[in-house]
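Enquirer: A structural model of the following input is requested.
(one chain, ligands or ions: 1)
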Amino acid sequence: MIRVGSIGVGGMGTHQARTFDQVDGCHLVACADPSPEMRARFEDNFPGTEGFDSAEALVNSGKVDAVVVAVPTGLHCAAALIALNAGIPVLVEKPMARTVDECQRMIETAERKDTVLMVAHCRRFDSYWKSWGACVASGDLGSPILWRNAMAGFGPGSWYMDHDLGGGPLMDGAVHNYDFANFLFGDPESVLSSSIDMDPESSAQDTCSAIVRYKNGNQLLMSWSWAARGNGLHDIIGPKGFVQFGTGDLPDPEDDEPHQYCCFTNREGEQTLIKSKAEPDMYACQAAHFLSCVRGDVTCLSPGTEAIKAIAVADTILQAGPAGEAREVVWT
Ligand SMILES: NC(=O)c1ccc[n+]([C@@H]2O[C@H](COP(=O)([O-])OP(=O)(O)OC[C@H]3O[C@@H](n4cnc5c(N)ncnc54)[C@H](O)[C@@H]3O)[C@@H](O)[C@H]2O)c1
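Expert: Here you go, the predicted structure:
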């Protein structure tokens, strides 16, 4: 039975802890958080667990075999290194870290200590995203492909809108898309980015548009704001057809289980619904995969060596945005 500890037990740390509390093969035993209120809430939520006031104290206690890191993004590297240096496997929340340099230090330490460094890119375990990913990979859209995603809404605020701790929407939210695009399209090559400052209160870029080019000729268009409301656009277009998000959860008359749908439209305008099962959810699949990696049963599907490429895309977009520049994406 793998003994799991949670480093950082705010919103996402609690969600991860609930998930690990329910999957087979592990025992949730402890947390680390500097906030006494958060530690008390964790111990209430998960009776029999123990709270520590720092990651060092948790790791040095000898009570955990693996940890989940869910602290503010700018603190991921420091927290993960404490566990990795002790040879303890780490599942770190996305974004992997705030900079490429931090990611490199995490990868180097995991390799030197010969332990697991997995990044919680939950979309790699999401049957919904994987269903349209399979449609893209099948060639039904043709080639090359343009994935377009525009979102505007008021974001989570707090440290998420601090440049160094969170990096704003083009780092924190859009990293799901960068990673999934890397998963589908292969290595990124360059970005063209332009930011607009709508909220003078936040040090992070709150509104930015960027095009990411991939070595295989595909492109990802991202336009996100966490400082204004607006309409959303989410589709993947190719010369032979397109996939559209947004049909959401619908009942299936032939099946009691919940399903999610997206829609494929071919060049002639004929539409097909693509159906995927909503359960088990992506976090449960992700947790089960991490535990398999810790046991050495499988090759990691979301290793640090892959997730670093999404941080390279995100940080290059943030660096190029204010001047509206094009830049090469580099992570080695
Ligand atoms: N995968 C997803 O869908 C998803 C969703 C939301 C958040 N996240 C990610 O999860 C991470 C945490 O986000 P959140 O919303 O839970 O933040 P949060 O602010 O709710 O919680 C962060 C917690 O970390 C604690 N903390 C701060 N410094 C610490 C340290 N040095 N050691 C231990 N604990 C420390 C804080 O006291 C707090 O309890 C972020 O990287 C975020 O991007 C992922």
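
Enquirer: so what's the residue count around the closest residue to Leu273 other than its chain neighbours?
Expert: Spatial nearest neighbour of Leu273, excluding adjacent residues (CB to CB, 6 or more residues apart in numbering): Tyr261 at 5.0 Å. Any C-beta I mention is one placed from the backbone N, CA and C, and that applies to glycine too. Residues lying near Tyr261 (other CB atoms under 10 Å) number 18.

Enquirer: how about the closest residue to the ligand within the chain: what's its closest non-neighbour residue?
Expert: Nearest residue of the chain to the ligand, counting by CB to the nearest ligand atom: Gly10, 1.9 Å away. If the residues on either side of it in the chain are set aside, Gly10 comes closest to Met38, at 6.4 Å by CB to CB, 6+ apart.

Enquirer: so what does whichever strand or helix holds the one you found touch, helix or strand wise?
Expert: Taking DSSP states H and E as the criterion, Met38 maps to helix 36-45. Using 3 or more CB pairs under 8 Å, 6 or more residues apart in numbering; DSSP states H and E, the elements in contact with helix 36-45 are helix 11-22, strand 26-32, strand 50-52.

Enquirer: quickly check: that helix near the ligand or not.
Expert: Yes: counting by CB under 6 Å from any ligand atom, the ligand has neighbours in helix 36-45: Met38.

Enquirer: list the buried residues of that helix.
Expert: Residues of helix 36-45 classed as buried by neighbour count (16 or more other CB atoms under 10 Å): Met38, Arg39, Arg41, Phe42, Glu43.

Enquirer: could the residues you listed go into a markdown table alongside pLDDT?
Expert: Below are the buried residues of helix 36-45 laid out as a markdown table (pLDDT from 0 to 100):
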| residue | pLDDT |
| --- | --- |
| Met38 | 98 |
| Arg39 | 98 |
| Arg41 | 98 |
| Phe42 | 98 |
| Glu43 | 97 |
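
Enquirer: so who does Glu257 touch?
Expert: Contacts for Glu257 (CB atoms under 8 Å, 6 or more residues apart in numbering) come out as Lys277, Ala278, Glu279.

Enquirer: min pLDDT across those, which one?
Expert: Among the contacts of Glu257, Ala278 has the lowest pLDDT, at 77.

Enquirer: up against the ligand, what does this protein have?
Expert: That would be 7-13, 32-35, 38, 55, 70-73, 75, 79, 93-94, 120, 122, 172, which are the residues of the chain within reach of the ligand (CB under 6 Å from any ligand atom).

Enquirer: just the buried subset of those residues, written out for PyMOL, thanks.
Expert: Of the residues of the chain next to the ligand, the buried ones can be selected in PyMOL as follows, counting by 16+ other CB under 10 Å:
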select buried, resi 7+8+9+10+12+13+32+33+38+55+70+71+72+73+75+79+93+94+120+122+172
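
Enquirer: show me where pLDDT drops low in the chain?
Expert: 246-253, 255-256 (pLDDT under 70).

Enquirer: helices of that one, start to end?
Expert: Remark: helices assigned in the chain by DSSP state H are 11-22, 36-45, 55-60, 76-85, 100-113, 127-137, 169-172, 175-185, 282-295, 304-320.

Enquirer: which other helices and strands does the last one contact?
Expert: What that stands for is helix 304-320. Counting contacts by 3+ CB pairs under 8 Å, 6+ apart, helix 304-320 packs against helix 100-113, strand 117-120, helix 169-172, helix 175-185, strand 188-196, strand 207-214, strand 326-328.

Enquirer: what's the answer for the third one, then?
Expert: Counting by 3+ CB pairs under 8 Å, 6+ apart, the packing neighbours recorded for helix 55-60 are strand 2-7, strand 26-32, strand 66-69, helix 76-85.

Enquirer: how far off centre is that helix?
Expert: Relative to the centre of its chain, helix 55-60 is centred 25 Å away, using CA atoms, centre = their mean, to the nearest Å.

Enquirer: could you shift the numbering so residue one becomes 40, and keep it that way?
Expert: I'll keep to 40 as the first residue from here, and by that count the last item is helix 94-99.

Enquirer: ok, and what's touching that helix?
Expert: 44, 46, 69-71, 91, 103, 106, 117-118, 121-122, 125, 127.

Enquirer: list the buried ones in that helix?
Expert: Quick answer for helix 94-99 (16+ other CB under 10 Å): Ala94, Leu97, Val98.

Enquirer: how about a markdown table for the residues you listed, with distance to Met261 added?
Expert: As requested, the buried residues of helix 94-99 are exported to a markdown table (distance: CB to CB, whole Å):
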| residue | distance to Met261 |
| --- | --- |
| Ala94 | 32 |
| Leu97 | 36 |
| Val98 | 36 |
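
Enquirer: what is the nearest of the residues you listed to Asn255?
Expert: Set against Asn255, the nearest of the buried residues of helix 94-99 by CB to CB is Ala94 (39.6 Å).

Enquirer: ok, now which residue in the chain is the farthest from the centroid?
Expert: Distance from the centre of the chain peaks at Glu307, with 35.2 Å (CA atoms, centre = their mean).

Enquirer: ok, now which ones touch that one?
Expert: Glu307 touches nothing, counting by CB under 8 Å, 6+ apart.
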